[in-house]
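Undergrad: I would like to see how this sequence folds:
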Amino acid sequence: MSEAPILCFSRFRIDTSNQELWRDAEKLEIRRKTFEVLVYLARNPRRLVSRDELLNNIWSDQAGVGDGLLRAYIWELRNLLGDDAKSPRYLETVNRRGYRFLLSVTAAFAATPEAFTSRDETFSVENSGSYEAASSFPRSDDGEAKTPVSVSERLPTRPFKSPAPPISVGILHSLTGTMAYSEGPVIDATLLAIDEINRSGGLLGRKVVASVADGRSDAAEFARQAKYLISEKGARVLFGCWMSAHRKAVLPVVERHDNLLIYPVQYEGLESSPNIFYLGAAPNQQIIPAIRWAFGFLNCRRLFLVGSDYIFPRVAHEIVRDQVKQSGSEIVGECLIPPGSVVVTQVVAEIIRAQPDLIINTINGDSNICFFRSLRTAGITPSRIPTLSFSIGENELRNLDIPGNYAAWNYFQSIDRLENRIFVDSFRSHYGPQRVTSDPMEAAYVGVKLWAQAVRVAGTSDTQQLRDALRHQSLNAPEGPMRIDADSQHTWKTIRIGQVSDDGQFKVTYSSENPIRPEPYPNTRSISEWKSFLSAVA
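TA: Below you'll find the predicted structure:
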C-alpha cells in the first residue's frame with residue numbers, strides 16, 4: 001500500500017501523485033500539510049499512530065513544532081471528512097497517545113473521479129448536523145475533575161433546514177512559539193461555542209465553518225494569516241489574537257477589508273477601532289482596580305514591575321506609575337525581558353536587591369514558567385514577597401506551583417454560578433474532565449455567542465449591519481452579566497482578584513460585584529497625552 005498512488009476509503013479517494021482529495025466526483029480543497037497527515041494515517045489504517053510519530057514524519061525538517069499545530073491539522077482534516085470526534089467514523093483520537101484511522105483502505109494504481117463510487121451511501125455530510133465536534137483538540141494535561149452536570153440533553157443536534165452556503169469564520173491564534181502555551185486552549189473554547197451553535201441548527205439556517213490559522217507567536221505572521229483567512233477562506237469575522245503586538249498587526253488588515261476581529265484578552269487600552277470588538281478587560285476593569293486593591297487590602301507600597309518587552313507591559317507599567325503617583329507609593333524597580341526568553345536570573349537578582357512589597361507581573365507566555373521557578377529557587381515565596389499577575393490563568397497554573405500568589409481577571413473557573421457550571425461542564429464533556437477554563441477562554445466563548453446573537457438580529461453576517469447589531473448585545477455569561485458598550489465596542493465587565501490555591505484554582509478574594517463601564521483611555525491623562533505616549537513606545 002505504501003507505494004500505491006491511489007488510496008480509497010468510504011466516499012473518498014486520495015490521489016497521492018497529484019496531492020488531491022476527492023469525495024465522489026468532487027475535488028476537495030486541502031492544504032499540503034493536512035494532505036500529508038491524511039496520507040500517513042491512511043497508509044497506516046487501524047493502527048495507533050502516536051503524536052510523536054506524526055510530528056517526526058510530517059515535520060521532520062522543522063524544529064519546535066508541537067502538539068498544538070498537529071491538533072489544528074487534525075481538526076481541519078475532520079472538517080473536510082465531515083467526521084465527529086465524539087462519534088468518529090474515520091479518525092479516532094486516543095487520549096494522550098495519538099490517532100487511529102478506523103476504516104480499511106483500498107490501494108490502487110490508477111483511477112478517475114468518475115469511476116470512483118461510494119462504498120458508504122448512507123452517510124451524508126450535509127445531514128450530519130455539525131461541522132465538527134470540538135474535541136478534535138484534546139490535551140494531555142492532567143488534573144482533577146469536578147462533578148459535571150450533563151449537557152447531552154441540553155445540546156441536541158438539529159439538521160440544517162436548507163443547503164445554504166455556510167458562514168465562514170476565522171480563528172487566529174498561536175499554535176506554535178512562546179504563546180502557544182496560552183493560546184491553544186482559547187482555540188478550544190472558540191470551537192466549542194461554534195460547535196454548540198451548529199448543534200442547535202446553525203445561524204440563519206446555515207452552518208458555521210471555521211478555519212484555524214497559526215500566527216506562530218509572530219506579529220508579521222498574524223497579519224499574513226489574517227489576510228489569508230479573509231481573502232482566501234472567505235472569513236466574515238476573525239476570532240483571535242492574544243498579545244497586543246499581534247492585535248495591532250491584524251488591525252489594519254481587518255480595517256482595510258472592513259472585516260471584524262473579536263478580541264478575547266485583557267489589554268492595555270489606548271485603542272478603539274470600528275472593526276474590533278474588545279471582549280477582554282480595559283485598564284479600568286483590571287489593571288487600575290487591581291493596583292488600588294493591592295494598596296488598600298495588602299498595604300503594599302513598594303512595587304517591582306516585571307514584564308515581557310512589548311507594548312502591553314510597557315503601557316501597563318505606565319498606567320501603574322500613574323496610580324503609584326496618586327497614592328504616594330513608589331516603584332523600586334522594573335525589568336522587561338524579550339517575549340519567550342528563559343533568561344530571568346538578572347531579573348530575580350534585581351528583585352532581591354530592591355526588596356519590594358509586591359511584584360507586578362505582566363510577563364506573557366511560557367516565560368512565566370522560568371520566572372516563577374527562579375523566584376522559588378531564590379527563596380522568594382508569596383509570604384515574603386507576593387506576586388500579582390495580569391496574564392496568568394488556570395491553564396498557566398498547570399505548569400506552575402505558586403499557591404498564595406494573586407491574579408486579576410474578570411473570570412475564574414471557581415465562580416459559583418449556574419451559567420459557569422454549564423460552561424465548564426460543556427467544555428469538559430468535549431475535551432476531558434482534566435481540562436480547566438480561564439478568563440481568555442471564557443471571553444472567546446462568549447465572543448462567539450454574542451456574535452451569533454448579532455447575526456440573528458441583523459439577519460446577515462455582512463459587516464456593517466452586523467457591527468450595528470453587535471454593539472447592542474448582552475449576555476448572562478459564565479462570569480456574570482455583561483454587555484457591549486455601544487460607544488467604545490468594549491465590554492462591561494466585573495473585576496475579580498483571585499489567590500492561587502493548592503488545587504491549582506483561584507479563590508476569589510475581591511470582586512466589584514457589578515460590571516464596570518469600560519474606559520479604554522485611563523482618566524489620569526488626556527486622550528491626546530496617551531496617544532503621544534503610545535506613539536513613543538510602539
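
Undergrad: From here on, just use CA atoms for contacts and neighbour counts.
TA: OK.

Undergrad: for the spatially most central residue of the chain, what are its contacts?
TA: The centre of the chain sits closest to residue 186, judged by CA atoms, centre = their mean, with a distance of 2.0 Å. Residues in contact with residue 186, defined by CA atoms under 8 Å, 6 or more residues apart in numbering, are 440, 441, 444.

Undergrad: ok, and what's touching stretch 215-233?
TA: 168-170, 172-180, 211, 213-214, 235-236, 238, 245-246, 249-250, 253-254, 257, 259.

Undergrad: now with 7 Å?
TA: Outside stretch 215-233, the residues that touch it by CA atoms under 7 Å, 6 or more residues apart in numbering are 170, 172-179, 213, 235-236, 245-246, 249-250, 253.

Undergrad: same deal with stretch 413-422?
TA: Outside stretch 413-422, the residues that reach it (CA under 7 Å, 6+ apart) are 149, 437, 438, 477, 478, 479, 505, 506, 507.

Undergrad: Return the distance of the residue nearest to the second one when sequence neighbours are not counted relative to residue 345.
TA: Same thing as residue 437. In space, and not counting its chain neighbours, residue 437 is closest to residue 413: 5.7 Å by CA to CA, 6 or more residues apart in numbering. According to CA to CA, to the nearest Å, residue 413 and residue 345 sit 32 Å apart.

Undergrad: With neighbour numbers in mind, choose between those two.
TA: The residue with more neighbours, out of residue 413 and residue 345, is residue 413; 22 against 13, by other CA atoms under 10 Å.

Undergrad: The more buried one belongs to a strand?
TA: No. Per DSSP: H, G, I helix; E, B strand; the rest coil, residue 413 lies outside any strand segment and is coil.

Undergrad: I'd like the distance between it and residue 431.
TA: For residue 413 relative to residue 431 (CA to CA), the value is 16 Å.

Undergrad: Next: residue 306.
TA: 34 Å.

Undergrad: Contact partners for residue 284?
TA: Residue 284 makes contact with 518, 519, 522, according to CA under 7 Å, 6+ apart.

Undergrad: got a list of what the first one touches?
TA: I take that to be residue 518. Residues near residue 518 by CA under 7 Å, 6+ apart: 282, 284, 285, 490, 491, 492.

Undergrad: same thing but at 8 Å, please
TA: 281, 282, 284, 285, 485, 488, 490, 491, 492, 493.

Undergrad: Residue 238: neighbouring residues, count only.
TA: The number of residues packed near residue 238 is 26, by other CA under 10 Å.

Undergrad: ugh, wrong one, residue 322
TA: When neighbours are counted by other CA under 10 Å, residue 322 registers 15.

Undergrad: Correct me if wrong: it contacts residue 524.
TA: Yes. Residue 322 lies in contact with residue 524 (CA atoms under 8 Å); the separation is 6.7 Å.

Undergrad: Where does the prediction get shaky in this structure?
TA: Per-residue confidence for the chain (pLDDT under 70) gives these ranges: 1-4, 61-66, 108-163.

Undergrad: can you list the domains in it?
TA: Following automatic domain parsing, the chain resolves into domains at 1-128, 284-414+495-537.

Undergrad: To residue 473, which of those lies closest?
TA: Residue 473 lies closest, by CA to CA, to one member of the domains of the chain: domain 284-414+495-537, at 14.6 Å.

Undergrad: Can you get me the start-to-end distance on the closest one?
TA: The stretch domain 284-414+495-537 measures 21 Å between its terminal residues, going by CA to CA.

Undergrad: Make sure residue 383 is indeed in a strand.
TA: No. Counting by three-state DSSP, residue 383 is not found in a strand; it is coil.

Undergrad: I'd like to know how many residues surround it.
TA: Burial of residue 383 is recorded as 9 neighbouring residues (other CA under 10 Å).

Undergrad: Who are the contact partners of the nearest residue to it once chain neighbours are set aside?
TA: Leaving aside its chain neighbours, residue 383 sits nearest to residue 404 (7.4 Å; criterion: CA to CA, 6+ apart). Listed by CA under 8 Å, 6+ apart, the contact set of residue 404 reads 382, 383, 386, 499, 500, 501.

Undergrad: nearest to residue 313, of the residues you listed?
TA: Checking those against residue 313 by CA to CA gives residue 386 as the nearest, at 18.8 Å.

Undergrad: Distance-wise, check that closest one relative to residue 314.
TA: As for residue 386, its distance to residue 314 is 21 Å (criterion: CA to CA).

Undergrad: same deal with residue 329?
TA: Separation of residue 329 from residue 314 (CA to CA): 19 Å.

Undergrad: More neighbours: these two, which one.
TA: Shown here are residue 329 and residue 314; by other CA under 10 Å, residue 314 has more neighbours (20 against 15).

Undergrad: Please look at the more buried one and residue 537 and confirm they touch.
TA: Yes. Counting by CA under 8 Å, residue 314 does reach residue 537; the two are 7.4 Å apart.

Undergrad: quick one on the thing from earlier: for the residue nearest to residue 383, pull up the helix or strand it's in.
TA: For residue 404, there is no host helix or strand (DSSP states H and E).

Undergrad: ok, now residue 100?
TA: Counting by DSSP H and E, residue 100 is found in strand 98-101.

Undergrad: ok, and what's touching that strand?
TA: Under CA under 8 Å, 6+ apart, the answer for strand 98-101 is 41-42, 44-51, 90-94.

Undergrad: and it, which strands flank it?
TA: Strand pairing for strand 98-101, determined by DSSP bridges: strand 48-50 (antiparallel), strand 91-94 (antiparallel).

Undergrad: any chance of these in TSV, plus distance to residue 289 and mean neighbour count?
TA: Putting the strands paired with strand 98-101 into TSV (distance: least, CA to CA, whole Å; neighbours: other CA atoms under 10 Å) gives the following:
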stretch	distance to residue 289	mean neighbour count
strand 48-50	47	17
strand 91-94	44	20
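
Undergrad: Send me the strand holding residue 100 as PDB with only the CA atoms.
TA: This file holds the C-alpha atoms of strand 98-101, laid out as PDB (Å, rounded to 0.1, in the frame of the first residue of the first chain):
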ATOM      1  CA  GLY A  98      -2.300   9.700  19.200                       C
ATOM      2  CA  TYR A  99      -4.700   8.900  16.400                       C
ATOM      3  CA  ARG A 100      -6.200   5.800  14.700                       C
ATOM      4  CA  PHE A 101      -7.600   5.700  11.100                       C
END
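
Undergrad: mind listing what's buried in it?
TA: 98, 99, 100, 101 (16 or more other CA atoms under 10 Å).

Undergrad: Next: stretch 503-511.
TA: In stretch 503-511, counting by 16+ other CA under 10 Å, buried: 504, 505, 506, 507, 508, 511.

Undergrad: Please narrow those residues to those residing in helices.
TA: Among the buried residues of stretch 503-511, no residue falls in helices (DSSP state H).

Undergrad: of all those residues, which two lie farthest apart?
TA: Checking the buried residues of stretch 503-511 with CA to CA, the most distant pair is 504 and 511, at 19.7 Å.
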